[in-house]
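1. pasting a predicted model and its sequence here:
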Amino acid sequence: AQSVTQPDIHITVSEGASLELRCNYSYGATPYLFWYVQSPGQGLQLLLKYFSGDTLVQGIKGFEAEFKRSQSSFNLRKPSVHWSDAAEYFCAVGAGNNDMRFGAGTRLTVKP
Amino acid sequence: DGGITQSPKYLFRKEGQNVTLSCEQNLNHDAMYWYRQDPGQGLRLIYYSQIVNDFQKGDIAEGYSVSREKKESFPLTVTSAQKNPTAFYLCASNLGVSEAFFGQGTRLTVV
């Protein structure tokens, strides 16, 4: 089965600074990749997804992610972080069989 | 509005009691999922269902049961066999290989 690793449990950045959240996946074929965001006590909201084609995908709220097959990575980036971006972020991989697996999440704290 | 509705938002369970968490979707999605979320452990798959009257165990199915009698509904029962049920439970659905849509979650606490 596919799996996802998010190496960073917690990241703190200053407001206005750039952000990169790491995600590595394990899957034998071309994966379907997703990034979700979760505010405390809420469900998950989709930020962006990669199915095929252009390896740089744009999402909502100014986020983007790049699929790098050679590195089995799908890192999430934002050029300038806002205080409202503080949340937990989850990377997920789907195998096309309705079996979606999530990483452990990265909690983002934004300093004023 | 289309979406997924989980109820209740908060649920309290006494020791030895079974409780059922509701999940309803009006998105006409074939697949539905139940995840358990504990701090620092991400989302762990409990059960999933690809079609009506069919479901598969996920990674942590022990102590849980599900049914899928209707396309719109995928209730989760937390049985007394689940020794540590206190957690945040999330229901999701999707269609084919599309992204999953999530409910707002149910927080279950053992009292």
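-> Sure, I can see it. Numbers count the residues shown, from 1 in each chain, chains lettered A, B, ... in the order given.
2. who touches stretch B:37-49?
-> Residues outside stretch B:37-49 that contact it (C-beta atoms under 8 Å, 6 or more residues apart in numbering or on different chains): A:6, A:9, A:44, A:90, A:98-105, B:31-36, B:55-61, B:64, B:66, B:68, B:74, B:76, B:87-90, B:105. All C-beta spots, glycine's among them, are computed from the backbone N, C-alpha and C.
3. wait, I meant stretch B:85-95
-> A:41, A:43-44, A:98, A:100, B:4, B:6, B:13, B:21, B:23, B:25, B:27-38, B:43, B:46, B:63, B:74, B:76, B:78, B:100-103, B:105-110.
4. need the residues of chain A near chain B, please.
-> A:6, A:9, A:32, A:34, A:36, A:41-46, A:49, A:51, A:90, A:92, A:94, A:96, A:98-105 (C-beta under 8 Å from any C-beta of the partner chain).
5. mind listing the strands for the chain?
-> I went with chain A, as the question did not name one. Taking DSSP state E, the strands of chain A run over residues A:3-5, A:10-14, A:19-21, A:24-26, A:32-38, A:44-50, A:56-58, A:64-68, A:73-78, A:87-94, A:100-102, A:106-111.
6. hm, I was asking about chain B
-> Going by DSSP E, chain B shows strands at B:4-7, B:10-13, B:19-25, B:31-37, B:43-51, B:54-57, B:64-66, B:76-78, B:87-94, B:101-102, B:106-110.
7. now do residue B:1, the pLDDT please.
-> The per-residue pLDDT reported for residue B:1 equals 63.
8. got it, and the one 4 residues further on?
-> Predicted confidence (pLDDT) at residue B:5: the value is 96.
9. again, but for the one 5 residues further on
-> Here, the pLDDT recorded for residue B:10 equals 95.
10. next one: stretch A:18-35 to chain centre, how far?
-> Average the C-alpha atoms of stretch A:18-35, do the same for its chain, and the two points are 7 Å apart (C-alpha atoms, centre = their mean, to the nearest Å).
11. again but with stretch B:4-23, I slipped
-> Per C-alpha atoms, centre = their mean, the centroid offset for stretch B:4-23 relative to its chain is 10 Å.
12. with stretch B:20-38 instead?
-> The answer for stretch B:20-38 is 5 Å, by C-alpha atoms, centre = their mean.
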